[in-house]
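Q: Sharing a model that was predicted from the sequence below.
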Amino acid sequence: MKILGISGSPRPKEQSAVYRLVETVLENTGMEYELISLRNKSISGCIACLGCVKDNVCKVEDDFTPIREKIVKADAYVVGAPNYYSTINAASHAFFERWFQFRHQAGNHLWGKLAVTVGAGGTSGRIPADCLETFLLYNFIETVAKVHGQGAASCYSCGYGESCQVGIPNMLHGPGVKITEDMIPDVKKQPDVMAAAVNAGRLLASRLQSDHDRLAVTDTMQAKMMSMFESAV
């Protein structure tokens, strides 16, 4: 079995809370994995051309194209994105919009697979982790765990963090804040978050290795999505 990891963070991996958490989950599965960063990739959102309806293959040619086969062949996913304006960032959103190609007719390439979602943000990563879960649900993929932590908002390094009245340092630490290295959030220094990432990896591996029934998972996810639609009416 192989697990595909996706980090939607635009930051270098050494600076990215999302990348670190996705990597930690993957490492703790004890299984073969590949981790792809969307940083510097050119991926368009869905353009609604409907070119994929007959064969479930997107006709837009860009950096998503070589990743498609990896998505199809993976047995599970660990996907992460940062919090931008209380949703996921544009690169991650575009990437997951393109999964629309798998939804047509009986396009069951992804049905019943398992995943872990990851989010990080200047205050919380819960919203992007939840948003990614919804994207996966549309392809009847079960999110077995969600991991979210506090990353380092750009306000800490923009140069105006101490004087900006609407920046994260001012919001979290009050007026007149003096930024010090120890106050800058780092998921590696958040024991509960790192423990959650470790446990999520172990849980994902356990589910995959315990007679994982994709058909049963598909049925459960279909019912969950229909319930979501009904409650929205």
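A: That came through, no problem.

Q: Leaving out the residues flanking it, which one is nearest to residue 117?
A: residue 132 (4.0 Å; Cβ to Cβ, 6 or more residues apart in numbering). The C-beta positions use only the backbone N, C-alpha and C, and glycine is treated the same way.

Q: Need the residue closest to the centroid of this protein.
A: residue 80 (2.5 Å; Cα atoms, centre = their mean).

Q: Report the contact partners of that one.
A: When contacts are counted by Cβ atoms under 8 Å, 6 or more residues apart in numbering, residue 80 touches 5-9, 18-19, 21-22, 117-120, 128-129, 132.

Q: How about residue 44?
A: For residue 44, counting by Cβ under 8 Å, 6+ apart, the contacting residues are 60, 62, 64, 94, 98.

Q: again, but for residue 199
A: Contacts of residue 199 by Cβ under 8 Å, 6+ apart are 28, 145.

Q: now residue 162
A: So residue 162 contacts 169, 176-179 (Cβ under 8 Å, 6+ apart).

Q: re earlier: mind checking which helix or strand the residue nearest to the centre of the chain is in?
A: strand 76-84 (DSSP states H and E).

Q: Check residue 128 too.
A: helix 126-137.

Q: measure the closest residue to residue 135 other than its chain neighbours to residue 38 for me?
A: In this structure, residue 135 finds its nearest non-sequential neighbour in residue 96, 4.2 Å apart by Cβ to Cβ, 6+ apart. Distance, residue 96 to residue 38, using Cβ to Cβ, to the nearest Å: 10 Å.

Q: And residue 13, by the same measure?
A: The separation that residue 13 has from residue 38, given Cβ to Cβ, amounts to 11 Å.

Q: Quick check: neighbours shared by these two?
A: residue 7.

Q: More neighbours: these two, which one.
A: Higher neighbour count among residue 13 and residue 38: residue 38, with 23 against 15, using other Cβ atoms under 10 Å.

Q: Quick one: residues contacting that one.
A: If you count contacts by Cβ under 8 Å, 6+ apart, residue 38 has them with 6-10, 91-92, 95.

Q: Give me the buried subset of the residues you listed.
A: 6-10, 91-92, 95 (16 or more other Cβ atoms under 10 Å).

Q: Now render the residues you listed as TSV, adding secondary structure and pLDDT.
A: As requested, the buried ones among the contacts of residue 38 are exported to TSV (DSSP: H, G, I helix; E, B strand; the rest coil; pLDDT from 0 to 100):
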residue	secondary structure	pLDDT
6	strand	98
7	strand	98
8	coil	98
9	coil	98
10	coil	97
91	helix	98
92	helix	98
95	helix	98
